[in-house]
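Trainee: model the following, please.
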Amino acid sequence: MPQNPQPNRTHHRPVTFSTEVFDRYPGGSDPQTTAQAAHYSAHALLQQGRKNTDPNITQKLVHFTDTFGLETLAEMWSQAPALSLPGALWRIYLIRDTVHTHTTQIAHYYARGMEQNWRSSLIAGVADPPTEQEVAETTNTILTGAYTGDFDIALERFAAFCAVIATGQRATAHTIVSGKNSPTPPQQTTLQYQLRPSAEVQTEARRRAEQLHAKTQQLLTISQDLEQAAQLWRAGTLE
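Mentor: Presented below is the predicted three-dimensional model:
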C-alpha cells in the first residue's frame with residue numbers, strides 16, 4: 001500500500017469548515033508550533049464533528065480528502081506521534097484515501113487476507129465476498145462511526161482492516177516469488193526447463209515481493225498503532 005498516494009485531483013483551498021481550525025492554524029517551520037496546531041486542530045475537528053447532528057456535515061468530514069486532498073491533512077498531522085489524536089486521525093484518513101485511490105488492488109489484497117485472517121476480518125466488518133465497492137464503502141462506514149459512534153471502536157476496526165490487507169499482501173508476495181498461482185502447462189517434463197523464468201524475471205519478482213513485504217510491515221505497524229490508540233482513548237489519555 002503506498003504510504004503517500006498522490007491521486008490526480010484538483011484541490012481547492014483554503015479549507016473552510018465551520019470549525020475553521022485549518023485556517024486558524026496554518027502550521028509553520030517551528031516544530032513546537034506545528035505540534036500545537038496538530039493537536040488543537042485534531043481535537044477541535046473531532047469534538048465538533050462528534051457534536052454535530054447534521055448527517056451532511058458528517059459526510060463532508062468523511063469525504064474531506066476527496067475534496068481537499070490528502071496533503072491538506074498531511075501538512076497538519078503527518079508528523080504527529082502515532083499514539084496521539086492527530087497521529088491516529090492521520091492514519092485513518094490515510095488508509096481511507098489509499099483504499100479509494102487504489103480500490104481494485106486493495107480489494108484483491110483484502111480478499112486474499114480474509115481467507116487467512118477471519119478474526120480481523122470480522123472486526124473490520126467488510127461483507128463477504130469483499131467486492132471493490134464493499135471494501136471502499138466499509139472505510140466510509142468506519143470513519144462515519146468515528147464521528148457518530150464510539151471512536152475507539154472505529155480505531156479498532158481500521159486496525160483490523162489494515163491487518164487483513166497486510167495478510168493479503170504477504171500472501172501475494174509469497175506467490176510472486178514462488179509462482180504457485182501460475183497454471184502448470186501441459187508440456188512434457190523434458191521441456192519444462194524451457195519454461196523456467198529468466199534471471200531477470202526472477203530478480204524483478206524478488207524486487208516486487210520485497211516491496212510488498214515492506215508495505216506489509218508498514219500496514220502492520222499502523223494496525224498496532226491504531227489498536228494502542230484505541231486503548232489510550234478508552235483510558236482518556238489519547239492527547
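Trainee: what is the least confident helix or strand in this protein?
Mentor: Counting by mean pLDDT, DSSP states H and E, the weakest-scoring helix or strand in the chain turns out to be helix 21-24, with a mean of 36.
Trainee: tell me how far the helix or strand following that helix lies from the chain's centre.
Mentor: Counting by DSSP states H and E, the next helix or strand C-terminal to helix 21-24 is helix 31-51. Relative to the chain's own centre, helix 31-51 is displaced by 21 Å; criterion: CA atoms, centre = their mean, to the nearest Å.
Trainee: show me what contacts the residue nearest to His43 when sequence neighbours are not counted?
Mentor: Among residues not flanking His43 along the chain, Leu85 sits closest, at 6.1 Å (CB to CB, 6 or more residues apart in numbering). (C-beta placed from N, C-alpha, C; glycine too.) Counting by CB atoms under 8 Å, 6 or more residues apart in numbering, Leu85 touches 39, 42-43, 46, 238-239.
Trainee: repeat for Thr138
Mentor: Contacts of Thr138 by CB under 8 Å, 6+ apart are 124-127, 161.
Trainee: phi, psi for His63 please.
Mentor: phi -100, psi 20 (degrees, to the nearest 10).
Trainee: how close does the most centrally placed residue in the chain sit to Gly236?
Mentor: The chain has Ile95 as the residue nearest its centroid, 1.7 Å off, counting by CA atoms, centre = their mean. Taking CB to CB, to the nearest Å as the measure, Ile95 falls 24 Å from Gly236.
Trainee: and what of Ile176?
Mentor: 45 Å.
Trainee: can you list the weak-confidence ranges in this structure?
Mentor: Within the chain, the segments meeting pLDDT under 70 span 1-29, 177-205.
Trainee: check the spacing between Thr167 and Lys51 real quick.
Mentor: Taking CB to CB, one finds Thr167 at 37 Å from Lys51.
Trainee: so between those two, which is more surrounded?
Mentor: Thr167 (23 against 8; other CB atoms under 10 Å).
Trainee: for that one, which non-adjacent residue is closest in space?
Mentor: Gly113 is the one closest to Thr167 (CB to CB, 6+ apart), at 3.6 Å.
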